[in-house]
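*Asks:* Okay, sequence plus prediction incoming.
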Amino acid sequence: MFKTILIANRGEIACRVAATARRLGIKTIAVYSDADAQSKHVVSCDVAVRIGPAAASDSYLKGEVILDVAKRYGAQAIHPGYGFLSENEGFALECEKAGMTFVGPPAAAIAAMGSKAAAKSLMEKAGVPLVPGYHGEKQEPEFLRKQADAMGYPVLIKASAGGGGKGMRVVEASRDFEAALASCQRESRASFGDDRVLIERYLHKPRHIEIQVFADMHGHCIYLFERDCSIQRRHQKVIEEAPAPGLSVDMRRAMGEAAVAAAQAVNYVGAGTVEFIVEPNGRFYFMEMNTRLQVEHPVTEMITGLDLVEWQLRVAAGEPLPLTQEQLQLTGHAIEARIYAENTEKGFLPSIGRLTHVEWPKHVDFTHGEVRLDAGVRDGDEISTYYDPMIAKLIVWGATREQARIRMQQALSQTQIVGVHTNVDFLSRVMDDEAFASADLDTGLIERRRSTLLPERMSTSDFELACAIVAVVSEEYAERESGVSQAGHANDPWGILDGWRLNGDYCRLFLWLDAETQRKASLLMVGQSTLLEIEGRRHELSWQSQRTATGVHQLVLRWMGGQQAATVIKQDDRVDIFAQGQHVVLSMQDPLKQFGSSETNAAGGLNAPMPGKIIALHVKPGQRVKKGDALIVMEAMKMEHVVFAPSEGVVKEVFFDLGEQVSEGLPLLELA
């Protein structure tokens, strides 16, 4: 076994690999960019070395720099995690030449599966079923469009070198093909340095089921069952589970054997995943093989009781596979939810900012528990535009799928993140959705259930407003007691906050900005009673409050004849309320000032929907556009977003140039 390994990655996967290495007594070396100097993975390893500026192209993708660090610090192996250099055959080859073990498959296997088109040709020869489509080398746009026309719409354009949902576009009609192809190629060049594509028939209501395979250097290859990864947005997975619901023993065996055949066709070694698209009638087709560990590998670990990173290290060190196919056992059900920094109300656009409050579910156990957390962030960490917006992964195990689903609901309800938009509430709605609960799964489920999963925002409830007001009052009491209130002196009668009035009752007006809606509430003290009045409704109010940190309040309110708990985080005028499994954000307004929000999007203006870089400008001043025309393309966190014309008009002014970074909300251009 290795004495020292370098982990050529960042975030949660770097922390994940380091945890197993520590358990095995292996010394670890972390690498980091300027943006990650204070990150969790840096302190999770024994040694940490700076490798360059924030941009991945100047740091985590610099194979020669990483290899040099590994040599200088005495590593015998490099674990690439996933993403970055994990499927870079050139880097794997350089490791081989340098006598450094690459914890992954041979460079030849990566190369064979790295091109989706070439991989499909290999799979066809190996007898693995393929989706009907064009996988050839001719890439002229007109030729590709004719292939799509002959195939019949809808079709799926996919980056040949792609993965992780990057470089994929569904095209519904021939007239849309050219623009979709250009966008797909542009994203593919940016993500993989290769703009070749393939075209496939877009299947109706398919499931995405993948098989975990493992092979060693001694000719053994097995499959560790399957994962259902059908719940996706923008062709990227958000919920994964194992085993796949409703999969028969015979179909599991057939898919597993097909996956092993795919791996053996390229003399595979190590951990890999063979991904299939499955039609409702049970027919399955090869999509691609990911020649690395997958983001969703924990659900396989939960149902098998195995540590796949340990297997990777043992196989890379030349050991045989620890178990045979017959010795593998499948127990219970596991579900993984990916927590992303993204705004679900704005089409899952990425969100950036500092994590000012992070609270994970209770009873988390990394190894043997029923709730597991894989995270690479802590309080105070920054979510930047440079890397993928995934914050963490929650993984739960249950004896049955239903038990696992309920445990995931509970775990998500205990997850609190402040500082960026997240998809936690959305994930909770998925868990609660009747289609998901009944395992009516397909890759279009989110769109199919849009009205349930992405409902219009509801007004903040009276209880949540009450929580916000109680937190404000409790904060003032806490400041008073610590001697830092504006009263200035502990014995100053004007600083006493008990609500006593000489001639009349205490009445305090609170004004809140609830999304874009004004909300008013009055706190009243009448005799010995405290009342809350909201839009004519009165609630008797009493509470217990514990301040666990500055601005963080654990509340218990007597409400509607019972008691309800909530956590409220108050930071300046912003108040985040976590109650009843929901997260609500309010902005406190000064009643002495004119209430109202300034107009942020003047008539004719188009604001940046997310922070990012301008990567394409399709218009210039004076140009006439029609409603729906593509105007500007932005990129952030490996995601491309097109800004379309909301109406017909003439471009009056464009405020940014190609390549410039833009903050969220800034005007991009003006239409007259």
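*Replies:* Nice, I can see it.

*Asks:* check contacts around the residue nearest to Thr344 when sequence neighbours are not counted.
*Replies:* Leaving aside its sequence neighbours, Thr344 sits nearest to Phe426 (Cβ to Cβ, 6 or more residues apart in numbering; 4.5 Å). Placement of C-beta: from N, CA and C, glycine included. Going by Cβ atoms under 8 Å, 6 or more residues apart in numbering, Phe426 touches 344, 453-454.

*Asks:* when you check those against the helices, which ones overlap?
*Replies:* With helices defined by DSSP state H, the entries of the contacts of Phe426 inside them are Leu453.

*Asks:* hey, C-alpha coordinates of the top helix by length along the chain in PDB?
*Replies:* The longest helix of the chain (DSSP H) is helix 462-481. The C-alpha coordinates for helix 462-481 follow below in PDB (Å, rounded to 0.1, in the frame of the first residue of the first chain):
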ATOM      1  CA  ASP A 462     -47.900  34.800  10.100                       C
ATOM      2  CA  PHE A 463     -45.800  32.300  12.200                       C
ATOM      3  CA  GLU A 464     -42.700  33.100  10.200                       C
ATOM      4  CA  LEU A 465     -43.200  36.800  10.600                       C
ATOM      5  CA  ALA A 466     -43.700  36.200  14.300                       C
ATOM      6  CA  CYS A 467     -40.400  34.400  14.400                       C
ATOM      7  CA  ALA A 468     -38.600  37.300  12.600                       C
ATOM      8  CA  ILE A 469     -40.000  39.800  15.100                       C
ATOM      9  CA  VAL A 470     -39.200  37.700  18.100                       C
ATOM     10  CA  ALA A 471     -35.600  37.300  16.900                       C
ATOM     11  CA  VAL A 472     -35.300  41.100  16.500                       C
ATOM     12  CA  VAL A 473     -36.600  41.700  20.000                       C
ATOM     13  CA  SER A 474     -34.500  38.900  21.500                       C
ATOM     14  CA  GLU A 475     -31.400  40.400  19.800                       C
ATOM     15  CA  GLU A 476     -32.100  43.800  21.400                       C
ATOM     16  CA  TYR A 477     -32.600  42.200  24.800                       C
ATOM     17  CA  ALA A 478     -29.300  40.300  24.400                       C
ATOM     18  CA  GLU A 479     -27.500  43.500  23.400                       C
ATOM     19  CA  ARG A 480     -29.000  45.300  26.400                       C
ATOM     20  CA  GLU A 481     -28.000  42.600  28.800                       C
END
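
*Asks:* begin at 59 from here
*Replies:* Taking 59 as the first residue, the last one we looked at is helix 520-539.

*Asks:* Just the buried residues of that helix, please?
*Replies:* Using 16 or more other Cβ atoms under 10 Å as the burial criterion, the residues of helix 520-539 that qualify are 520-533, 536, 538.

*Asks:* The longest strand seen in the chain pairs with which strands, parallel or anti?
*Replies:* In the chain, with assignment by DSSP state E, the single longest strand is strand 279-291. With DSSP bridges as the test, strand 279-291 is paired with strand 265-273 (antiparallel), strand 294-300 (antiparallel).

*Asks:* possible to save these as TSV with distance to Val107 and mean pLDDT?
*Replies:* Formatted as TSV, the strands paired with strand 279-291 follow (distance: least, Cβ to Cβ, whole Å; pLDDT from 0 to 100):
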stretch	distance to Val107	mean pLDDT
strand 265-273	30	98
strand 294-300	31	96
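
*Asks:* of all these, which lies closest to Gln383?
*Replies:* For Gln383, the closest of the strands paired with strand 279-291 is strand 265-273, at 10.1 Å, according to Cβ to Cβ.

*Asks:* Output the closest one as CSV, nothing but the C-alphas.
*Replies:* Taking Å, rounded to 0.1, in the frame of the first residue of the first chain, the C-alpha atoms of strand 265-273 are listed here in CSV:
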residue,chain,number,x,y,z
ARG,A,265,-34.7,6.4,-16.9
HIS,A,266,-31.0,7.0,-16.3
ILE,A,267,-29.6,3.9,-14.7
GLU,A,268,-25.9,3.3,-14.2
ILE,A,269,-23.8,0.3,-13.2
GLN,A,270,-20.8,0.6,-10.9
VAL,A,271,-18.0,-1.6,-12.2
PHE,A,272,-14.6,-2.5,-10.6
ALA,A,273,-11.7,-4.2,-12.3
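
*Asks:* wait, is Arg577 part of a strand?
*Replies:* Yes. The assignment for Arg577 (DSSP: H, G, I helix; E, B strand; the rest coil) places it in a strand.

*Asks:* before we move on, the earlier item: please state the offset of the longest helix of the chain from the chain centre?
*Replies:* Chain-centre distance of helix 520-539: 33 Å, with Cα atoms, centre = their mean, to the nearest Å.

*Asks:* Contacts for it, please.
*Replies:* The list of residues contacting helix 520-539 from outside it, by Cβ under 8 Å, 6+ apart, reads 543, 545, 553, 555, 568, 570, 577, 579, 581, 590, 592, 595, 597, 599, 601, 603, 605, 609, 611, 613, 615, 617-618, 622, 624, 626, 628, 633, 635, 637-638, 640, 642, 644, 646.

*Asks:* Which stretches in the stretch 309-458 of the chain count as helices?
*Replies:* Under the criterion DSSP state H, counting those that start in this stretch, the stretch 309-458 of the chain carries helices at the ranges 355-362, 366-374.

*Asks:* what about the protein, any weak spots by pLDDT?
*Replies:* Filtered on pLDDT under 70, the chain yields the residue ranges 220-223, 423-426, 540-562, 651-663, 696.

*Asks:* residues in contact with Glu210?
*Replies:* Careful, residue 210 is Gly and not Glu. Taking Cβ under 8 Å, 6+ apart, we find Gly210 in contact with Arg259.

*Asks:* go on, Glu268?
*Replies:* For Glu268, the contact set (Cβ under 8 Å, 6+ apart) comprises 284-285, 287, 331-334, 352.

*Asks:* Grab the nearest non-local neighbour of it.
*Replies:* Glu333 (4.3 Å).

*Asks:* That neighbour against Glu346, yeah?
*Replies:* Yes. Between Glu333 and Glu346 there is a contact under Cβ atoms under 8 Å: 5.3 Å.

*Asks:* Same drill for those two, tell me which one is more crowded.
*Replies:* Legend: neighbour count by other Cβ atoms under 10 Å for Glu333 and Glu346, higher for Glu346 (23 against 20).

*Asks:* Let me know the distance separating His611 from Ala529.
*Replies:* Applying Cβ to Cβ, to the nearest Å, the value for His611 to Ala529 is 5 Å.

*Asks:* Would you mind measuring from Glu337 to Arg259?
*Replies:* Glu337 sits 11 Å away from Arg259, going by Cβ to Cβ.

*Asks:* what residues do those two have in common as contacts?
*Replies:* Counting by Cβ under 8 Å, 6+ apart, nothing touches both Glu337 and Arg259.

*Asks:* Identify the residue spatially nearest to Ser218, adjacent ones excluded.
*Replies:* Arg254 (4.0 Å).

*Asks:* How about the backbone phi and psi for the one you found?
*Replies:* Main-chain dihedrals, Arg254, degrees, to the nearest 10: phi -70, psi 150.

*Asks:* Touching, it and Gly225? I think so.
*Replies:* No. Here Arg254 lies out of contact with Gly225, judged by Cβ under 8 Å, at a distance of 9.7 Å.

*Asks:* Pick out whichever of the two has more residues nearby.
*Replies:* Taking neighbours as other Cβ under 10 Å, Arg254 and Gly225 compare with Gly225 leading, 29 against 20.

*Asks:* how near is the more buried one to Glu268?
*Replies:* Using Cβ to Cβ, one obtains 19 Å as the distance from Gly225 to Glu268.
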